[in-house]
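Q: Okay, structure incoming, though there's no sequence with it:
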């Protein structure tokens, strides 16, 4: 899809067939550049000349309107409408959206034609079953108003979008991971724009009354939380489902589909009644299905039906804890945001002075420098920039536990090596933990606090499995790492130290894994074919296993209750930072098949998940905390030594509470490596190990 100006300027050329082939090729060449220049994500198809008459007519309509020639504008508008109505459904939907962008809007002065074009496209989407497209179209209409600073109109359009978006925020965990990811990618820009608008309405004093009237902060927060942890939450719910009987699982599967169908029917009712806020005939039945789901899966309400508000998060924090929740905007040149939540003060949100693109690139450059073995001294200027942008505006009190809900590639930023005044680094004054989102933290904390039965004591201290992956990418120190880490643990029966482990070895030791206090896996982390941002852990093949430890197998076959799971492989903390942000995503594939509309985006941001699918699956399997890696860690003596020092500290003092002991052990090992003037350990060996969870 190209700009309306381009379409208009060439509309005469397209009347001659001999120019069409040449110009179509030119349009295709311009497409890649185009998606990076638009204010909003756009619905696209293969280049189609059928849009040209409608766009040319709309350009004339806009010109007459701006000149005050209302009679001519109205007549030309009718020509535009008729041009659109002659198109096939998918072309009509696409072209109507383009036509809207022809009109330069001004506050309190915009043609009602836009509403008619928008309604025409929306009606066609609903009529033809393009329900995803209908939801996206409402958001794009809101984005059009937002780009022209028409805040009341934007608010109304986004509230309509919010209603139609509901069926796609309710997760059916029986869907495949790639389908869950597709939906997250599909709505990533429009939902991030929704949240940014709500936050922007709060930040600008002149729009504060509009914000208060619509409770914009909570609306933005709820959308932010759904964006940041969709796949993560689905994995935790899926873990709960595996505890049910086959009959119960079938019942939940039926109820989840029924829930979505009812929400779609409710959307149809809103559409026919033209009232997005009225009661519907489906409301009671929806409440009944949700009640039945919650009865079978108690955690469902917490993770799906309700998103805890910032005030709810504050109530579960300890007096010495601070939760920071960062959020990237939908557009590269727009600012990022951060929530600061503490138990003894009101939650607050800040609009940062760094843009999405600047922040994204600063972190990528820092990560690259560390992976190329930069020293702490050489990184000081980069670290100071990030500290001033992300931490300094928050007026943090030292000697606290920081729970950082990351977004996008913030999962690759080692906050604990950021400078802290003249007192050293943040690791010297803070106990830092990473969480995928505040909602997941809320669930994990309640899961820990609300246990009704006392936990059984651990039968073994340590279970370690390593796989050097003999061949082209052998890990020389994998077996060495688990040998040194587990050597100091005693006990009877003996601890598990399994070098050269096959996938089957993990399942054969599943009882030991369930009863182990510490679980330690050393191998590679490989991309999972067919799942964007998905990873698996490779182990040896054999005994009917393919050697790929996936999320599904972790949840179903490796139930555990470990105080700490160490995933010592490359980038086990990160997820999608290397995915192409402009990948095309299909809308309503079940309706249109190969002829479906697609979404494209120019935003550097991706669909939302900051943590890898591996971390979510281990939490779903019962793990309490994870030790993850932020980059390509070194397979060498120094990394093995660092991990050994962590376990040395864990063995040294059993008097501390488990949670406190884990934080102290990691911090002490990092301080030792940083301060060792003899060996001069580089950050690549130690700075990228982080604690995740509660």
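A: Perfect, I can see it now. Here the structure is a predicted model, which is why all the values come from computation and not from measurement.

Q: Help me confirm that residue 570 is found in a strand?
A: No - looking at residue 570 with DSSP: H, G, I helix; E, B strand; the rest coil, it is coil, so not inside a strand.

Q: In contact with it, which residues are there?
A: 524-525, 629, 631-633 (C-beta atoms under 8 Å, 6 or more residues apart in numbering). To be clear about C-beta, it is placed using only N, CA and C from the backbone, and glycine gets the same treatment.

Q: Please produce a PyMOL select command covering the buried subset of those residues.
A: Selection of buried members from those for PyMOL, criterion 16 or more other C-beta atoms under 10 Å:
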select buried, resi 524+525+629+631+633
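
Q: Just the pLDDT for residue 628.
A: Residue 628 is assigned 95 on the pLDDT scale.

Q: could you say what helices and strands the one helix or strand it maps to packs with?
A: Following DSSP states H and E, one finds residue 628 within strand 625-629. Counting by 3 or more C-beta pairs under 8 Å, 6 or more residues apart in numbering; DSSP states H and E, the packing neighbours recorded for strand 625-629 are strand 564-568, helix 613-620, helix 658-675, strand 689-693.

Q: now the angle from that strand to helix 613-620?
A: Interaxial angle of strand 625-629 relative to helix 613-620 (axes from the mean of the first three to the mean of the last three C-alpha atoms, to 10 degrees): 170 degrees.

Q: The stretch 151-300 of the chain: helices as residue ranges?
A: 151-169, 177-186, 188-203, 208-214, 216-228, 230-241, 246-273, 283-296, 299-300 (DSSP state H, counting those that start in this stretch).

Q: I meant to write the stretch 351-500 of the chain there.
A: 356-371, 380-390, 438-449, 478-486.

Q: need these in CSV with mean neighbour count and mean pLDDT, can you?
A: Formatted as CSV, the helices of the stretch 351-500 of the chain follow (neighbours: other C-beta atoms under 10 Å; pLDDT from 0 to 100):
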stretch, mean neighbour count, mean pLDDT
helix 356-371, 19, 92
helix 380-390, 16, 95
helix 438-449, 20, 87
helix 478-486, 22, 93
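
Q: Indicate which one of these is closest to residue 197.
A: helix 356-371 (14.8 Å; C-beta to C-beta).

Q: before we move on, back to that, what's the closest of the helices and strands packed on strand 625-629 to residue 307?
A: Going by C-beta to C-beta, the one of the helices and strands packed on strand 625-629 nearest residue 307 is helix 613-620, 17.2 Å.

Q: what's the angle from the closest one to helix 177-186?
A: Using the same axes, to 10 degrees: helix 613-620 against helix 177-186 is 110 degrees.

Q: From the contact counts, what lies against helix 613-620?
A: Helix 613-620 packs on helix 230-241, strand 535-538, helix 551-557, strand 564-568, strand 625-629, going by 3+ C-beta pairs under 8 Å, 6+ apart.

Q: most neighbours per residue, which of those?
A: Ranked by mean neighbour count under mean count of other C-beta atoms under 10 Å, the helices and strands packed on helix 613-620 are led by strand 564-568, which reaches a mean of 27.

Q: Pull up the pairing partners for that strand, direction included.
A: If you go by DSSP bridges, strand 564-568 pairs up with strand 516-522 (parallel), strand 625-629 (parallel).

Q: quick one: average confidence on the helix or strand following it?
A: Later in the chain than strand 564-568, the nearest helix or strand by DSSP H and E is strand 585-586. Averaging pLDDT along strand 585-586 gives 78.

Q: Stretch 59-69 now?
A: 87.

Q: what are the phi and psi values for residue 396?
A: When quoted as degrees, to the nearest 10, the phi and psi of residue 396 stand at phi -70, psi 140.

Q: which residues does it contact?
A: Applying C-beta under 8 Å, 6+ apart, the residues near residue 396 are 322, 402, 430.

Q: coming back round to it: out of the helices of the stretch 351-500 of the chain, which is closest to residue 176?
A: helix 438-449 (21.1 Å).

Q: Can you tell me what sits against that closest one?
A: With C-beta under 8 Å, 6+ apart as the criterion, helix 438-449 contacts 225, 228-229, 232-233, 236, 299, 302-303, 307-308, 310, 312-313, 316, 323, 325, 339, 341, 403, 405, 435, 619, 624, 693-694.

Q: do that again at 6 Å, thanks
A: Identification of contacts with helix 438-449 by C-beta atoms under 6 Å, 6 or more residues apart in numbering yields 225, 229, 232, 302-303, 307-308, 313, 316, 325, 405, 435, 694.

Q: Next, the buried residues of stretch 194-211.
A: 194-202, 207, 210-211.

Q: returning to what we had before: what mean pLDDT does the helix or strand following the strand holding residue 628 get?
A: Where DSSP H and E defines the elements, the next helix or strand beyond strand 625-629 is helix 637-652. For helix 637-652, the mean per-residue pLDDT is 91.

Q: thinking again about what came up before, a markdown table for the contacts of residue 396, including neighbour count and distance to residue 563?
A: Formatted as a markdown table, the contacts of residue 396 follow (neighbours: other C-beta atoms under 10 Å; distance: C-beta to C-beta, whole Å):
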| residue | neighbour count | distance to residue 563 |
| --- | --- | --- |
| 322 | 20 | 23 |
| 402 | 19 | 20 |
| 430 | 24 | 21 |
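
Q: With that, I have no additional questions.
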